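# could you work out the structure for the sequence below:
(chains A and B)
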Number of protein chains: 2
Amino acid sequence: MSRVTTQNQISPFFSCTMELDDFPRASHGASPSVGQLLKHVGDVRKEATGDGGETPLHHNHRILDMSDESLEPRTLPFVLSFTNLTYNVKIRRKFSLSGMFTSQRDHLGAATLSDPVGGESLFTRNKTLLNDISGVAREGEVLAVLGASGSGKSTLIDALANRIAKGSLKGKVSLNGEVLESRLLKVISAYVMQDDLLFPMLTVEETLMFAAEFRLPLSLSKSKKRMRVQALIDQLGLRNAAQTIIGDEGHRGVSGGERRRVSIGIDIVHDPIILFLDEPTSGLDSTSAFMVVKVLQRIAQSGSIVVMSVHQPSYRILGLLDRLIFLSRGQTVFSGSPAQLPSYFAEFGRPIPDSENKTEFALDLIRELEGSPGGTQSLVDFNTSWQAMKHKTHHHDERHVVPLQEAISASISRGKLVSGAGATNTAVPGHASSMVPTFANPFWVEMAVLARRSMKNARRMPELFGIRLGAVMVTGFILATMFWNLDNTPKGVQERLGFIAFAMSTTFYTCADALPVFLQERYIFMRETAYNAYRRSSYVLSHSLVALPSLIFLSAGFSATTFWAVGLDGGLSGFLFYFLIILASFWAGSSFVTFLSGVVPHVMLGYTVVVAILAYFLLFSGFFINRDRIPAYWIWFHYMSLVKYPYEAVMQNEFQDPTKCFVRGVQIFDNTPLAAVPAALKVKLLDSMSETLGMRITRTTCLTTGSDILKSQGVTDLSKWSCLWITVAWGFLFRILFYFSLLIGSKNKRR
Amino acid sequence: MSRVTTQNQISPFFSCTMELDDFPRASHGASPSVGQLLKHVGDVRKEATGDGGETPLHHNHRILDMSDESLEPRTLPFVLSFTNLTYNVKIRRKFSLSGMFTSQRDHLGAATLSDPVGGESLFTRNKTLLNDISGVAREGEVLAVLGASGSGKSTLIDALANRIAKGSLKGKVSLNGEVLESRLLKVISAYVMQDDLLFPMLTVEETLMFAAEFRLPLSLSKSKKRMRVQALIDQLGLRNAAQTIIGDEGHRGVSGGERRRVSIGIDIVHDPIILFLDEPTSGLDSTSAFMVVKVLQRIAQSGSIVVMSVHQPSYRILGLLDRLIFLSRGQTVFSGSPAQLPSYFAEFGRPIPDSENKTEFALDLIRELEGSPGGTQSLVDFNTSWQAMKHKTHHHDERHVVPLQEAISASISRGKLVSGAGATNTAVPGHASSMVPTFANPFWVEMAVLARRSMKNARRMPELFGIRLGAVMVTGFILATMFWNLDNTPKGVQERLGFIAFAMSTTFYTCADALPVFLQERYIFMRETAYNAYRRSSYVLSHSLVALPSLIFLSAGFSATTFWAVGLDGGLSGFLFYFLIILASFWAGSSFVTFLSGVVPHVMLGYTVVVAILAYFLLFSGFFINRDRIPAYWIWFHYMSLVKYPYEAVMQNEFQDPTKCFVRGVQIFDNTPLAAVPAALKVKLLDSMSETLGMRITRTTCLTTGSDILKSQGVTDLSKWSCLWITVAWGFLFRILFYFSLLIGSKNKRR
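Below you'll find the predicted structure:
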């Protein structure tokens, strides 16, 4: 059936697009009327319906109009224009051997090496990624940026989407004549990244529903949100896949094209005015790619500006694009509608043969010029004069562009920008950005939704918790059987110390197993917060709260396995404290690992760092060297050691009973050279020592109590409860640091 | 310039190919004469020359002809034919919740669900991946297998390349009428995987030169090998990139298309008769993809059979293919030349519109049929009858197929199969496979080349060794300053034990850092040994030898940093033993990690396993619990603990001096409850004890020597040299296990 579609579309396409593309400049001399736009929408209602593989695209979009005016003539279209965008970066020069190899091949690079200018030095050089690029993108249209890899496509999209730091980018980007403020742009636009960062175990519908709960305001009822998601599912052509999980390597899920459409759906659930996409078709087969661009066309026609980069559009996809910009090393080499391509290249002196794919021809020609001595300069110059000529004959009329504020409020009243609509439905006088709140929902709603999503994810992947539980229980079992029923002799005391140190380190080490999960989730977090789906603080808090139940479970399992088997002291209250300090260790450890996941870019590095730091923590905990024997220059590290506090807490829990005896009578000789002396002689020795000391020591006299042991081990500076609270506080500290790492790390703007 | 090429190629293409494709069956009624083949080679000497991006393709291939007969008429062409290939796999049924989600979407799957047949049960079902597929591939031609993902393309290539276990695949694959023996096929064919598994820091030329040294026989002089590599570089169009490194994320290298061509070059350096490629163009932009297929065409025309799978060939690539097979769910839906596509689909009732890309149309049509109720059965049936009709009118004449043995020897004498040619240049009577040796080179040559490559890689990536050295030295520094100048009091003895245990574990832990490198290299190893580039045993041995110098360096650094700083005993000879045992630990540890890298599929899992096992090794080493106190049911693990042996060795090295004293006079009370008693009283106590014991103990009498400490720690069962040798032996054991893991793990055949 998709066959039929293609045939239908190809013939009427060129006339249709040419007409559309020409009206702003051509004889009409006016911006498009809503009638024209609506006619255009009608034109393309010939649908690609799915086959077995891809699910069909339906056409029930714009269901959730807040008002009933959706069919009223629209007189306030949006126009995004950008002029003279220029963007330079400094690149460090390399002087290595490999640098010499690569330098001869720099012509492969993204942009031309500009001549030395200010700031250029022996060690850095300037590279021009964007060079004086101008253009316009209109509501209802799809603007595609084309070019070889490295030509500056993604950079241009980033520049328009305000993802380049302010000082670096020269030129102007404005919406309906007004320069876009960062906060406003974040609210009215969406940026779809090239990677599909989705939770693999949620279904398509759940994924979109969570997005709706984040992006749509509390004032909108749950059933309205559900309706919006259902409409979106139809608009994206995901009806057949709605109940399927996203999937990953281990779990079969939706197809690549469907996944890409879900990614798009997440970002357009609030119906943004501008949609930016970085290579939305990369990695998809031609049918899936076509379906994706088809969806984008429909989004544009529902009243949005769509700007996308694309590597090599197929013949059919070309038919869906309204406006093209070809880049070569950061310069514009063509800008216009697909229908203008043949005349443009004919006038340039390189006509496109009829049998050829137009974009393939154009890209090949550009590539050929890039390899030639003069580069693409001739084409760049030709484009400049061609644009000037066109502007002279058909003067671009901007009179009909309405002020941004009016356009946005009209848009909102038509049901656009669902997130902003609920809060301030009527246009408030003042600056445009005041009309829309930064976040759609209050703090506690975000927390609740995030927690619900985390728990759903955890339930769908029980194996993750299972592995951690397994690791903890196996270690618990080994420790329990290895240190089975320790006695209270001096040897036994030494072994108790060993057990405590090892057990406390174990709790920290097993936390490291959660690192990959955190790292994976971090990418999703960055995507979601980049466009204000929720506050970073609510993420940090919900992340902490959701972790607690599983930590309680792990602690209970580990402490129950080891406490009585090893024969630790304190009875029930001792056990409870033991459980609490292990829980605190798990809490501090997982906070520590969470913090590292926010700092470290890569799993492998993170794991190595965690293992190394924990090893040093153990070394400095006071077990290997007692606190009073640690060199003065290292004592600060002793207090920073996370292991110190749980270790000392359990030590005190174990040896706090003043009536319990660990060295009694002749056991005094156990760890001395006299241990081998016969028992009778030991008693005699004891007697003679008693006389000398002037105190009676019998074979049952207690010579060493727990507090003596604590003293000899240097565990004297903190009470066991202080140790517990300090451990808990470490956990909070690392959570706070995690928050700051997210704040700093997620400013994903180019410099 | 590439523009010009394309234009030149497109017009003459169809006539040319049609002619080529038709001659076997058409009116000629004979297999192609060499004259025809050579004419065809000449036809396509219109070259795609590179632009700035891709390097130009030159045409100096077949430079290394062993004889001067290369222009002599070739009368012995190869024909690979396959008939009725059928391949079923059993799939476990899932009953989970996610299984229910996915089951409704199984129509997305690779192949049709066959009806329940023998072996089908409640828990497994049969899936037909290949269903009765037949076809022919000829010398001089490129055969392309097309289809959607999951249609069975890769499976068919695997079936032809003998990568499916014997029992599972039904049907027959034969070369010139003889069923192919596995060993022979390995020697005369090459299989290029989809992934480019290359060493990132070697240049293109070096990469190909190493491949030549593995694949070309010793009898061929180095200069001849160099000539072959230079010819290959020209044939692959890699002249401009020859001195560039391959590169990776961190190092800029060649482009994706160039990398793919290097991968191909590695596998064809010995000029195989059959070349299989799994999606050689995937992930490449259209120009790079075109260059790759252009190279493949040229390889075919130099006298090989090229069989490749391809997802969606562009218009230009289609012009390079001689024969196509379209698959849909494991069944053939078209088989013929590209020129036959229009008439085929026209006869089927779905003519291809002129303006359309033929393959895109065909694939879309197949997709559409797959989604329809009847499936592609109608097209499968039509193909069967179409093939039958064609065979009736043009009866296929196989008279001119020559026996395999003759064809191979003729090929070798023309310079083909460079690897085999040197050993047995003249055709020996007997079976075909006896003509070519399994490995091109003797054991010691492989070892030398492998070692040279490893060292070159290590030199190019000094940061890898730098990180390991850094980790070792930092830990060494921390230990040295933490345990600075330990005294010989009872406390000091305890700390010495702690230091030794920690230091010995550190050597093992730092070995884990090498895991990712080993894992990365393993994939390259698997690719290279799959087609007998070298023996597995020489890899294991060279891998071990190359590691030694860096281990010696690490050991020297660590032992020099810690030995005197901590104040370990034994003077120079003590230091030498300390160095040796640390070297042995590094050796055993790196062997252990190497072994794990051969067993564990994933870096993260590997690292977790290493860390956990090493932790248990430390726990059971005898430091936490002395050997005589370990429960009987765990004592086996104590002896398996790698850490036990170095720990005990250093212990003995430290405490072996019988004249050295650790407890002297009143120090006897140091670790007892009497430690707090005033010194004068201690002396009195000592006096009274002397009397009781009947021996004179003064304040200088030695009460505990090193051997007493060893006894009390349970370090009595092995001498220090035994410990050293056992540690070394563990290293060898793990290397042997590594060899077996490679033997088992690299049988990459489907079941």
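# show me which residues of stretch A:472-492 are buried.
A:472, A:475-476, A:478-480, A:482-483, A:486, A:488, A:490-492 (16 or more other Cβ atoms under 10 Å in any protein chain shown). No exception for glycine: its C-beta is placed from N, CA and C like everyone else's.
# closest to chain B out of those?
Lowest distance from chain B to the buried residues of stretch A:472-492 (Cβ to the nearest Cβ) belongs to residue A:482, with 5.7 Å.
# now for whichever strand or helix holds residue A:597, which elements pack on it?
Here residue A:597 sits within helix A:571-599, counting by DSSP states H and E. Judged by 3 or more Cβ pairs under 8 Å, 6 or more residues apart in numbering or on different chains; DSSP states H and E, helix A:571-599 is in contact with helix A:490-511, helix A:515-530, helix A:536-566, helix A:603-619, helix A:644-655, helix A:720-745.
# give the buried residues for that helix.
A:574-575, A:577-598.
# likewise stretch A:247-255?
A:247, A:251-255.
# and for stretch A:546-560?
Result for stretch A:546-560 [16+ other Cβ under 10 Å]: buried residues A:546-547, A:550-551, A:553-555, A:558-559.
# kindly indicate which of these lies nearest chain B.
Using Cβ to the nearest Cβ, the buried residues of stretch A:546-560 come closest to chain B at residue A:558, 14.9 Å.
# mind checking pLDDT for that closest one?
What the model reports for residue A:558 is a pLDDT of 96.
# any chance of CSV for the buried residues of stretch A:472-492, columns secondary structure?
Output for the buried residues of stretch A:472-492, formatted as CSV (DSSP: H, G, I helix; E, B strand; the rest coil):
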residue, secondary structure
A:472, helix
A:475, helix
A:476, helix
A:478, helix
A:479, helix
A:480, helix
A:482, helix
A:483, coil
A:486, coil
A:488, coil
A:490, helix
A:491, helix
A:492, helix
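# ok, and of these, which contact chain B?
Intersecting these with the contacts of chain B gives A:478-479, A:482-483, A:490-491 (criterion: Cβ under 8 Å from any Cβ of the partner chain).
# report the two of the buried residues of stretch A:247-255 separated the most.
Largest separation among the buried residues of stretch A:247-255 by Cβ to Cβ: A:251 and A:255, giving 13.7 Å.
# contacts for stretch A:732-740, please.
Contact with stretch A:732-740 is made by A:536-537, A:540, A:544, A:588, A:591-592, A:594-595, A:598, as judged by Cβ atoms under 8 Å, 6 or more residues apart in numbering or on different chains.
# what's the first helix or strand after the helix or strand harbouring residue A:130?
Using DSSP H and E, residue A:130 maps to strand A:124-138. For strand A:124-138, the following helix or strand on the C-terminal side (DSSP H and E) is strand A:142-146.
# pull the distance from that following strand to the chain's centre.
Computed by Cα atoms, centre = their mean, to the nearest Å, the chain-centroid distance of strand A:142-146 equals 26 Å.
# next: stretch A:637-644.
Worked out by Cα atoms, centre = their mean, stretch A:637-644 lies 32 Å from the chain centre.
# quick check, that stretch touching chain B?
No: contact between stretch A:637-644 and chain B is absent, the nearest approach being 8.7 Å (criterion: Cβ under 8 Å from any Cβ).
# check the separation of the first and last residues in that stretch.
Across its full length, stretch A:637-644 reaches 10 Å between end residues, using Cα to Cα, to the nearest Å.
# what residues of that stretch count as buried?
A:637-638, A:641-644.
# tally of neighbours for the nearest residue to residue A:568 once chain neighbours are set aside?
Computed as Cβ to Cβ, 6 or more residues apart in numbering or on different chains, the closest residue to residue A:568 that is not its neighbour in sequence is residue A:654, at 5.9 Å. Counted with other Cβ atoms under 10 Å in any protein chain shown, the neighbours of residue A:654 add up to 24.
# for residue A:654, what are its contacts?
Counting by Cβ under 8 Å, 6+ apart, residue A:654 touches A:496, A:500, A:568-570, A:574, A:706.
# can you do 10 Å?
A:493, A:496-497, A:499-500, A:566, A:568-570, A:574, A:578, A:660, A:706, A:709-710, A:720 (Cβ atoms under 10 Å, 6 or more residues apart in numbering or on different chains).
# returning to what we had before: using CSV, lay out the buried residues of stretch A:637-644 together with pLDDT.
CSV is the format used below for the buried residues of stretch A:637-644 (pLDDT from 0 to 100):
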residue, pLDDT
A:637, 94
A:638, 94
A:641, 94
A:642, 93
A:643, 94
A:644, 95
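# and the gap between residue A:655 and chain B?
14 Å (Cβ to the nearest Cβ, to the nearest Å).
# quick check: that residue touching residue A:569?
Yes: using Cβ atoms under 10 Å, residue A:655 makes contact with residue A:569 at a distance of 7.6 Å.
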